[in-house]
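Novice: What follows is a predicted protein model with its sequence.
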Amino acid sequence: MGLKDLIKKWHKYGELSNLGIIVRRKFFNNCFDGALTCAGIVSGSFIIFLANPAQNLTSAIIIITGFSTALAIGISGLWGAFLSEEAERKKKMIDLKKDMVIFEEEEEEKEFIEDQEIQEAMVTPININHANNKRFFSLKGNPKGKKNNNNKSIIEQSERFATIVASLVDGGAPVLGSILPLIPFFFGDTLSIFHFLVSYAVLVAILIYLGIFLGKISGGGHAKYAIHLVTAGFTTLLVSLLLQLVIPT
């Protein structure tokens, strides 16, 4: 199977499992969580730096703290999402199979009634053994039966594919949101206000992008969503500053 056929198959699986909506929601929520978590780490470090610049607070400490937190969030998201998605989609498949059994039974009952009506309408009755028809339908299968089995197989594959993709997005999005604001701290081990300002600029850029992303999904209101998310970032900084008044540094 070529790459083009593989992408086409994945696209089909995504449509059957309604993957697009799930992935968009998970990407936004988890990337936003990761960005605000990193904002809290950077803000706390910034407060410590302003209180006493001579302390042994280095870029390496912030990077290690940020990466450890990002990996913890990512592993938690990946593991938890896979288990929860798998459980939910298994339940969905069980319910779907139950509905299909009920549908097949109703179809068989309908065919039996139609057979009886045909016999009553005919001058010379014919003997139609519905039990044999049912056995033929359920065991040997007819084109309709084969189609149902193929549909169930495709649905199961699409649900398995959706579980894997949703889990990867759930684990990767917060890592992405947490790591990007840490990039300025790789440049120079000695901390300066410049490191924090650039980090905050990256955070604001991430929040604006997520706001535009939400605006595209909703069909408008890009600026409104961006302002809401940036406000959340500034609220995180404000709360960190208020903690300085409560907890001496």
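Specialist: Noted; the coordinates are in hand. Residues are numbered from 1 along each chain as shown.
Novice: and stretch 3-20, how far out from the chain's middle?
Specialist: 15 Å (C-alpha atoms, centre = their mean, to the nearest Å).
Novice: Just the residues contacting that stretch, thanks.
Specialist: In this structure, residues lying in contact with stretch 3-20 by C-beta atoms under 8 Å, 6 or more residues apart in numbering are 1, 89, 154-155, 157-159, 161-162, 165-166. In this view, the C-beta of every residue, glycine as well, is placed from N, C-alpha and C.
Novice: One more: stretch 192-208?
Specialist: In this structure, residues lying in contact with stretch 192-208 by C-beta under 8 Å, 6+ apart are 31-32, 35, 38-39, 42, 45-46, 49, 59, 177, 180-185, 187-188, 226, 229-230, 232-233, 237.
Novice: The chain: helices as residue ranges?
Specialist: For the chain, applying DSSP state H gives helices covering 3-16, 19-51, 59-121, 130-135, 143-179, 193-218, 222-246.
Novice: Quick check: buried residues in the second one?
Specialist: Right, the one you point to is helix 19-51. 19, 22-23, 26-28, 30-49 (16 or more other C-beta atoms under 10 Å).
Novice: excluding its backbone neighbours, what's nearest Ala70?
Specialist: Ser178 (3.5 Å; C-beta to C-beta, 6 or more residues apart in numbering).
Novice: I'd guessed that neighbour sits against Ile73; true?
Specialist: Yes: using C-beta atoms under 8 Å, Ser178 makes contact with Ile73 at a distance of 6.5 Å.
Novice: Look up the residues that both of the two are in contact with.
Specialist: Common neighbours of Ser178 and Ile73 (C-beta under 8 Å, 6+ apart) are 34, 37.
Novice: okay, and for this protein, where does confidence drop off?
Specialist: For the chain, the stretches flagged by pLDDT under 70 are 1, 54, 85, 89, 92-93, 95-152, 247-249.
Novice: Comparing the helices of the chain, which comes out most buried?
Specialist: Using mean count of other C-beta atoms under 10 Å, the stretch among the helices of the chain with the largest mean neighbour count is helix 19-51, at a mean of 19.
Novice: That one vs helix 193-218, what angle?
Specialist: 160 degrees (axes from the mean of the first three to the mean of the last three C-alpha atoms, to 10 degrees).
Novice: contacting residues for the closest residue to Ala60 other than its chain neighbours?
Specialist: The shortest distance from Ala60 to any non-neighbouring residue, by C-beta to C-beta, 6+ apart, is to Asp189 (6.1 Å). By C-beta under 8 Å, 6+ apart, Asp189 lies in contact with 58-60.
Novice: One more: Ile61?
Specialist: Neighbours of Ile61 in contact, by C-beta under 8 Å, 6+ apart: Ser45.
Novice: try it again with 10 Å
Specialist: Shown in contact with Ile61 (C-beta atoms under 10 Å, 6 or more residues apart in numbering): 45, 48, 185, 189, 191.
Novice: just these now: which is nearest Leu210?
Specialist: Phe185 (21.9 Å; C-beta to C-beta).
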